[in-house]
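Participant: Sharing a model prediction with you, sequence too.
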Amino acid sequence: MPFQPLPQDQPHIILGCPDCHTSWVVYEQQIGLPVPCPGCGSAARPTRLGYTDAGSGRQVSFGSFRRLLEQPDTAQRVIPMVEHWLNVRHEGGLQFVDGAGQPVPLAEVHFRIQGHAQWQGELYNQYMNVAR
């Protein structure tokens, strides 16, 4: 069964690829699981680089991210952003596919966004527009 974060979970562990030196953010529960590099796809064991600044207040939990995609008024703004950032295509509901038509798990979409400071900030702003 693939990894599924809990609604309140937020990725905050920074990993680094020993092959291409890409860094990305994963959930605590993913440590020890096979986590391919989003930069080069390497299955090499990533290096744990540390933690994100969880006190920044800019992270959007997985559950909140799902709600943004499920609500029609926010989905029409968030989905095009996700498609542009990650070069994926929305297939309806909570489904995304990559350029080859392969499904991209929603948890992966979420942590890739949370691992990029600018995208994380823009998603947070979208969430705060709804929460206020």
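Facilitator: That came through, no problem.
Participant: my read: Val78 touches Leu68, true?
Facilitator: Yes. Using Cβ atoms under 8 Å, Val78 is in contact with Leu68, at 4.9 Å. Placement of C-beta: from N, CA and C, glycine included.
Participant: intersection of neighbour lists for those two?
Facilitator: With contacts defined as Cβ atoms under 8 Å, 6 or more residues apart in numbering, the residues shared by Val78 and Leu68 are 123, 126.
Participant: separation between the nearest residue to Pro103 once chain neighbours are set aside and Pro46?
Facilitator: Counting by Cβ to Cβ, 6 or more residues apart in numbering, Pro103 lies nearest to Val97, which is 5.6 Å off, once chain neighbours are set aside. Using Cβ to Cβ, to the nearest Å, Val97 is found at 25 Å from Pro46.
Participant: same question, Ile79
Facilitator: 29 Å.
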